[in-house]
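Asks: heads up, no residue letters with this:
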Ligand SMILES: Nc1ncnc2c1ncn2[C@@H]1O[C@H](COP(=O)(O)OP(=O)(O)O)[C@@H](O)[C@H]1O
Ligand SMILES: O=C(O)C1=C[C@@H](OP(=O)(O)O)[C@@H](O)[C@H](O)C1
Ligand SMILES: [Mg+2]
């Protein structure tokens, strides 16, 4: 099926670029973070507070695995790659695009990780998280787009070009 699934670090631009890309392609846009909130009736940070990081990852995996759509750009949360079943499902319903951004730029955009609701374990730094996740983003990506020092509209155009190849 012809969906586009955006993965990458929190702050890499999945949600903002996703909606711009969807307009260019004439697709629908879904942000999986919002689906998680709708299904659970809770905000993301409340789920993390109540169930812990592993509990949140389980909920995210279940919701992502159940997404059944067509001609849709799906912006995932940065922790989606911890959900094996969800990522296998995404592979089967579309093209996975990894929005690559340096750890320095991610840090500039994010501010306080806990306040932002990033699934980071106690004692883990942003650098640790980056090292842990980058191999997962690379493993699942069909297309990698470098987002460093680029405007949102140019990144959306670059993704569209890469999808046509
Ligand atoms: N290419 C870009 N250049 C500058 N700022 C960006 C770019 N892409 C995203 N941003 C900004 O970075 C922040 C995080 O973007 P967001 O789309 O929420 O990322 P994600 O969904 O990957 O966490 C937002 O304030 C957004 O406006
Ligand atoms: O990377 C993460 O651990 C998370 C990223 C968030 O989404 P964005 O990547 O859209 O910020 C959201 O899913 C949740 O707060 C956890
Ligand atoms: Mg987002």
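Replies: Received it, and whenever you're ready, just let me know what you need. Every value quoted in this text rests on a predicted model; they were computed, and no experiment measured them. Numbers count the residues shown, from 1 in each chain. Ligands and ions are numbered 1, 2, ... in the order given.
Asks: Show me what stretch 146-155 is in contact with.
Replies: Residues outside stretch 146-155 that contact it (Cβ atoms under 8 Å, 6 or more residues apart in numbering): 8, 12-13, 16-17, 20, 99-102, 105, 145, 158. C-betas here are computed from N, CA, C, even on glycine.
Asks: Out of the residues you listed, which sit inside strands?
Replies: Of the contacts of stretch 146-155, the ones assigned to strands by DSSP state E are 99, 100, 145.
Asks: which residues touch the second one?
Replies: Same thing as residue 100. 8, 12, 137, 144, 145, 146, 147, 148.
Asks: if I read this right, the third one contacts residue 81, doesn't it?
Replies: So the one you mean is residue 137. Yes: under the criterion of Cβ atoms under 8 Å, residue 137 makes contact with residue 81 at 6.0 Å.
Asks: Among the contacts of stretch 146-155, pick out the one closest to residue 67, please.
Replies: Nearest to residue 67 among the contacts of stretch 146-155, counting by Cβ to Cβ, is residue 8 at 17.6 Å.
Asks: Show me the beta-bridge partners of the nearest residue to the closest one once chain neighbours are set aside.
Replies: The shortest distance from residue 8 to any residue other than its chain neighbours is 3.8 Å, reached at residue 99 (Cβ to Cβ, 6 or more residues apart in numbering). When bridges are called by DSSP bridges, residue 99 pairs up with residue 145.
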